[in-house]
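Undergrad: Following is a predicted model, sequence given first.
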Amino acid sequence: MFWLILFSSVFVFGLAILAKTFASKTAKLDGRHVVITGGSSGIGKSMAIQAAQMGASVTIMARNKEKLDEARTEIQGHLKANMKVETISVDLSTSYDAVKSAMQQAEGKCGPVFMLVNSAGSSVSEAFVDLKPADFPKMMEMNYYSAVYATKAVVDSMVGQQAGRIVFLSSQAGQIGLFGFTAYSGAKFALRGMAEALQMELRPHNIFVTVSFPPDTDTPGFQKELQAGKPKETVLISETAGLFKADEVARTILTDSLHGKFMSYVGLDGWMLASITAGMSQASSLVEVITQVLLMGILRLVGLFYLSSFDKIVLRCKQEKDAGKQKSS
C-alpha cells in the first residue's frame, strides 16, 4: 500500500509539472510579420497564403524573382486590410551577410519578424555510389545552412520581443535514412539536432521552435525529383506513406507552430515516426507523453516490420537489375 501511494503521488506530481510546462503556448498571427524562405512555391507558398488569411503580413524569400512575383500576386488576394506581402530575391545558402541584409530589409517594410519558416531546400535522390562528392556539401548548404543563416538573422529581434516562432522543414527522410537519400537525409537529420538545442536556448524567451517532418507532398519540387530519375527503390519505399497535398501539410505546420509543438507531422505514418523517434525532444502535451510511454515498445516492433519490407524492396530491385544485366550480356 505504501509503494502504491508513493507511486501515485509521484505520478500526480509529475503530471502537475508537465501541465505547467505545456500551458500558455498558443499564439496568433493577426497583425504580425511572417517570413517564409522558399516561399515562392510548394509548402512554403501554401503557408504564406494561409498566414495571410490569418491576418499576417508576409515576406517570402527565394532566388527566382519571376516565381516570387507570381507568388506575390497570388498571396495578395488573401491579405486582410492594412497587411502587406513583400518579396525578396536572395540566395539563402551561401552568404550570411546577404541573408542578414534581406531580413533587415523585410523588417524595415513589415516590422519585427514574429514567425520565421525555414522552407527553402532541395533534394537529390541517387544511390550513394552514383552521387558526386559535391552533392553532399550542396545538400548541407541548401537545406541546413540556409536555415542557420535565416534563423541567426532574426533571433536577436525575437529575443528583443520576448516572443516568436521558428519553424524548420525537415522531412520524413530526416527521421529515417532511406535508399537514395544519403546526402539529403544527412542534411535533414542535422536540422533536428540544431532545432533541439535551439529550443532549449530560446524557451526562456518565449520563443518556440517547431521541426516539421513532411511526407511526400505534391509540389513542383516533388515532381522535379520524379522527372530527374528518382531510383525505383526510393519511389517504392516512399509510396508506403502516400502523397499529401501542400495545403494540408502547410495547415498542419502552421497550427502546430502556433501551439508551440516541437515536432510536427502529418498522417498515420508521420505520427508513428514522430512517436518512435521522440528521443529526448521536447514534449508538447500530456497525451503525447502518455502515448509515447505506453506505445514506444510496440511501435519499435512495427518499425522493424517496415524496415523489413523496405529491405525486401531493395533486394527485389537488385534482383531485377541483375536479371536485366544477364539478359543483355
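TA: That came through fine. Residues are numbered from 1 along each chain as shown.
Undergrad: make it CA atoms for all contacts and neighbour counts henceforth
TA: Will do.
Undergrad: for the protein, longest helix please?
TA: Ranked by residue count and defined by DSSP state H, the top helix of the chain is helix 286-328.
Undergrad: how far does that helix sit from the chain's center?
TA: 22 Å (Cα atoms, centre = their mean, to the nearest Å).
Undergrad: Show me what that helix packs onto, helices and strands only.
TA: helix 2-22, helix 232-238, helix 267-276 (3 or more Cα pairs under 8 Å, 6 or more residues apart in numbering; DSSP states H and E).
Undergrad: which residues in this structure form helices?
TA: Secondary structure of the chain, counting by DSSP H: helices at 2-22, 42-53, 65-76, 96-110, 135-140, 146-161, 182-202, 220-227, 232-238, 246-258, 267-276, 286-328.
Undergrad: okay, the ones you listed in JSON lines with mean neighbour count and distance to residue 31 next?
TA: Formatted as JSON lines, the helices of the chain follow (neighbours: other Cα atoms under 10 Å; distance: least, Cα to Cα, whole Å):
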{"stretch": "helix 2-22", "mean neighbour count": "12", "distance to residue 31": "25"}
{"stretch": "helix 42-53", "mean neighbour count": "25", "distance to residue 31": "10"}
{"stretch": "helix 65-76", "mean neighbour count": "17", "distance to residue 31": "15"}
{"stretch": "helix 96-110", "mean neighbour count": "17", "distance to residue 31": "10"}
{"stretch": "helix 135-140", "mean neighbour count": "18", "distance to residue 31": "34"}
{"stretch": "helix 146-161", "mean neighbour count": "19", "distance to residue 31": "15"}
{"stretch": "helix 182-202", "mean neighbour count": "20", "distance to residue 31": "23"}
{"stretch": "helix 220-227", "mean neighbour count": "13", "distance to residue 31": "30"}
{"stretch": "helix 232-238", "mean neighbour count": "18", "distance to residue 31": "39"}
{"stretch": "helix 246-258", "mean neighbour count": "20", "distance to residue 31": "14"}
{"stretch": "helix 267-276", "mean neighbour count": "17", "distance to residue 31": "31"}
{"stretch": "helix 286-328", "mean neighbour count": "13", "distance to residue 31": "31"}
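Undergrad: sorry, back to before: just the angle for the longest helix of the chain relative to helix 267-276, thanks.
TA: Orientation check (axes from the mean of the first three to the mean of the last three Cα atoms, to 10 degrees): helix 286-328 against helix 267-276 gives 110 degrees.
Undergrad: thinking again about what came up before, what's the closest of the helices of the chain to residue 124?
TA: Closest approach to residue 124 among those is made by helix 182-202 (6.3 Å; Cα to Cα).
Undergrad: Now do the closest one: distance to the chain's middle.
TA: The answer for helix 182-202 is 10 Å, by Cα atoms, centre = their mean.
Undergrad: Residues in contact with that helix: which ones?
TA: Identification of contacts with helix 182-202 by Cα atoms under 8 Å, 6 or more residues apart in numbering yields 123-125, 127-128, 135-136, 139-140, 143-144, 159, 168, 170-171, 173-178, 207-211, 281-282.
Undergrad: Mind checking which of these are buried?
TA: Applying 16 or more other Cα atoms under 10 Å to the contacts of helix 182-202, the neighbour count classes 123-125, 127, 136, 139-140, 143-144, 168, 170-171, 173-175, 177-178, 207-211, 281-282 as buried.
Undergrad: The residues you listed in strands, which ones?
TA: Taking DSSP state E, the ones among the buried ones among the contacts of helix 182-202 that sit in strands are 168, 207-211.
Undergrad: circling back: need the helices of the chain in a markdown table with mean pLDDT, can you?
TA: A markdown table is the format used below for these (pLDDT from 0 to 100):
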| stretch | mean pLDDT |
| --- | --- |
| helix 2-22 | 52 |
| helix 42-53 | 96 |
| helix 65-76 | 95 |
| helix 96-110 | 96 |
| helix 135-140 | 96 |
| helix 146-161 | 97 |
| helix 182-202 | 97 |
| helix 220-227 | 81 |
| helix 232-238 | 92 |
| helix 246-258 | 96 |
| helix 267-276 | 93 |
| helix 286-328 | 91 |
